[in-house]
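Enquirer: Here's my sequence, what's the structure:
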Amino acid sequence: MYATGIKLSLNHRSYLREPEATELGRKIITESITLIDALGFEQFTFKKLAAEIGSTEASVYRYFENKHKLLVYLVSWYWAWLDYRVTFETNNIASPRKRLLRVIQVVSSANLNDPATTHIDEATLHRIVISEASKVYLTKEVDADNKEGYFLEYKRLCKRIAEIVSELNPAYAYPHALVSTMLEAAHQQVFFARHLPSLTDVHGHEQPEAATCDFLKHLIFSAIDDKTTR
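Expert: The predicted structure follows:
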C-alpha cells in the first residue's frame with residue numbers, strides 16, 4: 001500500500017481492489033475514517049459512505065466486500081503505520097532500554113496526525129482503533145480471518161517490540177504477552193479515562209495519552225526488571 005511520503009504494505013487481501021491505487025479508493029478510505037469516527041461502527045453503512053463521497057454503494061462494494069473487511073483494512077493500516085514509526089524512531093538507538101522507552105513514547109503518541117500521509121488522519125484513526133479495533137478479532141470468524149492473514153500487521157509489530165524486550169532481558173519469559181498487553185493497554189486506558197474513569201488512574205488529565213505513557217513505562221520496566229520473573 002502506498003501513502004504520500006511513506007510506503008506501507010498490508011500482507012492480506014481484505015480488499016477486492018487496492019484503494020490506494022485510485023482517487024475514489026483513497027476517498028473511500030478518507031471519508032470512512034471520518035464517518036466511523038462520527039457515527040460509530042454499528043451505525044456506519046456503505047449507503048451512508050456512498051452519500052458522503054458522492055458515489056454509489058456499488059462503487060464501494062467494488063473495493064470492499066463488507067464493512068467488517070473495511071474495518072480490518074483500517075485497523076491493519078494503523079498497525080502497519082505504527083510499525084513503520086517504531087522502526088524509524090528506534091533505528092539509530094543502540095541501547096535496548098532506550099529503544100524500548102522510545103517505543104512506548106511512539107505507541108502512546110499515536111494520536112498525533114502524520115503529515116506524510118495526506119489522505120489519512122491518524123488522529124481520527126487512532127480514536128477508531130481505541131473504540132472499534134477489538135471488533136476486528138472478537139468474532140466467531142477469528143480463526144478463519146487469522147488464516148487469511150488479517151492480523152499479520154499487529155503480530156509483526158508485537159514481535160518487533162518483543163525482540164527488544166528479550167534483548168534487554170533474555171531471561172524474561174513473557175515478552176509477547178507483555179507487549180500485546182502494553183499495546184492493548186495503550187488504547188484501553190485512554191478509553192477508560194474518557195468513558196469509564198473508575199477503571200483507570202489516568203483520568204483527570206487533559207491528555208490521557210501522556211499519563212498512559214507513564215503507566216506503560218511502569219508496567220513494562222517493572223515486569224522486565226522483576227527478578228522473580230527470570
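
Enquirer: Going by C-alpha atoms from here, please, whenever you check contacts or count neighbours.
Expert: Will do.

Enquirer: Would you mind listing where this protein has pLDDT under the threshold?
Expert: Counting by pLDDT under 70, the chain has low-confidence residues at 1-7, 9, 11, 204-205, 227-230.

Enquirer: all helices of this protein, in order?
Expert: 23-39, 46-53, 57-61, 67-90, 96-108, 122-132, 134-137, 142-147, 152-168, 175-195, 208-225 (DSSP state H).

Enquirer: Please tell me how far the fourth one is from the chain's geometric centre.
Expert: I take that to be helix 67-90. Average the C-alpha atoms of helix 67-90, do the same for its chain, and the two points are 5 Å apart (C-alpha atoms, centre = their mean, to the nearest Å).

Enquirer: And that helix, what's buried?
Expert: Counting neighbours by 16 or more other C-alpha atoms under 10 Å, one finds that the buried residues in helix 67-90 are 67, 69-83, 85-87, 90.

Enquirer: Over to the shortest one?
Expert: When neighbours are counted by 16+ other C-alpha under 10 Å, the buried residues of helix 134-137 are found to be Val136.

Enquirer: hang on, the earlier thing: need the helices of the chain in CSV (columns: distance to Leu10).
Expert: Converted to CSV, the helices of the chain look like this (distance: least, C-alpha to C-alpha, whole Å):
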stretch, distance to Leu10
helix 23-39, 14
helix 46-53, 22
helix 57-61, 19
helix 67-90, 7
helix 96-108, 19
helix 122-132, 16
helix 134-137, 15
helix 142-147, 14
helix 152-168, 7
helix 175-195, 19
helix 208-225, 27
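
Enquirer: who wins for proximity to Asp201 among those?
Expert: helix 175-195 (7.7 Å; C-alpha to C-alpha).

Enquirer: re earlier: tell me which of the helices of the chain sits nearest to Asp114.
Expert: Proximity to Asp114 (C-alpha to C-alpha) singles out helix 122-132 among those, at 6.3 Å.

Enquirer: What residues does Arg156 make contact with?
Expert: Residues counted as contacts of Arg156 (C-alpha atoms under 8 Å, 6 or more residues apart in numbering) are Asp83.

Enquirer: What's the separation between it and Tyr84?
Expert: Between Arg156 and Tyr84 the distance is 11 Å, computed by C-alpha to C-alpha, to the nearest Å.

Enquirer: show me what contacts the residue lying closest to Tyr78 once chain neighbours are set aside?
Expert: Once its chain neighbours are removed from consideration, Tyr78 has its nearest residue in Leu125; the separation is 7.3 Å (C-alpha to C-alpha, 6 or more residues apart in numbering). For Leu125, the set of contacting residues under the criterion of C-alpha under 8 Å, 6+ apart consists of 33, 37, 74, 78.

Enquirer: Can I get those residues in JSON lines including distance to Thr181?
Expert: What follows is these, written out as JSON lines (distance: C-alpha to C-alpha, whole Å):
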{"residue": "Ile33", "distance to Thr181": "25"}
{"residue": "Asp37", "distance to Thr181": "24"}
{"residue": "Leu74", "distance to Thr181": "21"}
{"residue": "Tyr78", "distance to Thr181": "17"}
